[in-house]
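In: what's the 3D shape of this:
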Amino acid sequence: MLALSRINNSKRLNDPESIFVDLGDQIGVRTTTDSRFFKFPFKKIPKNKIVKIQQASCVSLFYKSGNAIDIVVTNGEVEQVVAKAKQLLPSAEVVIIAN
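Out: Numbers count the residues shown, from 1 in each chain. Sure, this is the predicted structure:
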């Protein structure tokens, strides 16, 4: 159990570069620490479909339709992940919800 906690909280798995990749008109996202640890393929999202980035206990990317993708960040790197998302999605609104 301790090993899993250490893995989930590792800097490498919560680094914005492990979560996002720029694919031109799309971004690739790995939403969970498991997908980052096992290097599952990125989920591809068209950049023009994301209208809001929300920072709370996790990072959420909202589509125009109102649906969202939640990105689990477990070691306090939420601000860095939001900054990277904003860099990749400059037209998206950023909303910060206090914990």
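In: Please, where are all the strands along this protein?
Out: For the chain, the strands defined by DSSP state E cover 20-22, 26-29, 43-46, 50-55, 59-63, 68-71, 93-96.
In: Parallel or antiparallel, list what pairs with the fifth one.
Out: The one in question is strand 59-63. strand 50-55 (antiparallel), strand 68-71 (antiparallel) (DSSP bridges).
In: List the buried residues for that strand?
Out: 59-62 (16 or more other C-beta atoms under 10 Å). Where C-beta positions appear, they are placed from N, C-alpha and C, glycine not excepted.
In: Would you quantify the distance from the closest residue to residue 37 other than its chain neighbours to residue 82?
Out: Spatial nearest neighbour of residue 37, excluding adjacent residues (C-beta to C-beta, 6 or more residues apart in numbering): residue 13 at 5.8 Å. Counting by C-beta to C-beta, to the nearest Å, the gap between residue 13 and residue 82 amounts to 17 Å.
In: now residue 26, nearest residue through space, not along the chain?
Out: residue 44 (4.8 Å).
In: Surely the one you found touches residue 28?
Out: Yes. Using C-beta atoms under 8 Å, residue 44 is in contact with residue 28, at 5.7 Å.
In: Looking at those two now, which is surrounded by more residues?
Out: residue 28 (15 against 12; other C-beta atoms under 10 Å).
In: Residue 39 is in contact with that one, correct?
Out: No. Applying C-beta under 8 Å as the test, residue 28 and residue 39 come out as separate, 11.6 Å apart.
In: Could you count how many residues lie near the residue nearest to residue 37?
Out: With other C-beta under 10 Å as criterion, residue 13 counts 22.
In: For residue 97, which non-adjacent residue is closest in space?
Out: residue 56 (4.2 Å).
In: Relative to residue 50, how far out is the one you found?
Out: 16 Å.
In: Many thanks, I have nothing further to ask.
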